[in-house]
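Novice: my questions concern the predicted model and sequence given below.
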Amino acid sequence: MAYEVGDRVVAEKSGRRRRTARQPLRPGRHGVITRVLRGDPNPRYEIQWDEGITTVYSPANGGLHPDPNYEGAES
């Protein structure tokens, strides 16, 4: 899925899976796309994360999703 500037997204953290049934899943990282550096098929985005840092992110294997908690999110 291609994203545009201003879209709110959630990135899956690596190692998100549980090691045992007692451990919770690691939460995803929330942010806003500030710049599209390259489009499909190998997209690269500049994302302003909620923690206040900006990074370049290249999603792999569906690791980037629309933020379901954002009221403007598409279904």
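Specialist: Sure, I can see it.

Novice: so where is the protein shaky, pLDDT-wise?
Specialist: Along the chain, segments meeting pLDDT under 70 span 14-26, 71-75.

Novice: tell me which residue is most central in it.
Specialist: Using Cα atoms, centre = their mean, the residue of the chain that lies closest to the mean C-alpha position is residue 11, 2.6 Å off.

Novice: specify the beta-bridge partners of it.
Specialist: On the basis of DSSP bridges, residue 11 is bridged to residue 29, residue 64.

Novice: how much space between it and residue 60?
Specialist: Computed as Cβ to Cβ, to the nearest Å, the residue 11 to residue 60 distance reads 10 Å. From N, CA and C alone the C-beta is placed, and that goes for glycine too.

Novice: and stretch 45-58, how far out from the chain's middle?
Specialist: 9 Å (Cα atoms, centre = their mean, to the nearest Å).

Novice: what's the end-to-end length of it?
Specialist: End-to-end distance for stretch 45-58, by Cα to Cα, to the nearest Å: 6 Å.

Novice: show me what counts as buried in it.
Specialist: Buried positions in stretch 45-58, judged by neighbour count with 16 or more other Cβ atoms under 10 Å: 45-47, 57.

Novice: just the ones of those residues in strands?
Specialist: Counting by DSSP state E, the members of the buried residues of stretch 45-58 that fall within strands are 45-47, 57.

Novice: from those, which two are the most distant?
Specialist: Using Cβ to Cβ, these span at most 7.7 Å, a distance reached by 46 and 57.

Novice: so what sits against both of those two?
Specialist: With Cβ atoms under 8 Å, 6 or more residues apart in numbering applied, the contact sets of residue 46 and residue 57 do not overlap.

Novice: show me the contacts for residue 38.
Specialist: Taking Cβ under 8 Å, 6+ apart as the criterion, residue 38 is in contact with residue 44.

Novice: hang on, the earlier thing: using a markdown table, lay out the ones in strands among the buried residues of stretch 45-58 together with distance to residue 5.
Specialist: As requested, those are exported to a markdown table (distance: Cβ to Cβ, whole Å):
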| residue | distance to residue 5 |
| --- | --- |
| 45 | 9 |
| 46 | 9 |
| 47 | 11 |
| 57 | 14 |
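
Novice: for the chain, just list every one of the strands.
Specialist: For the chain, strands defined by DSSP E occupy the ranges 8-11, 29-38, 44-49, 54-57, 64-66.

Novice: cool, thanks, signing off.
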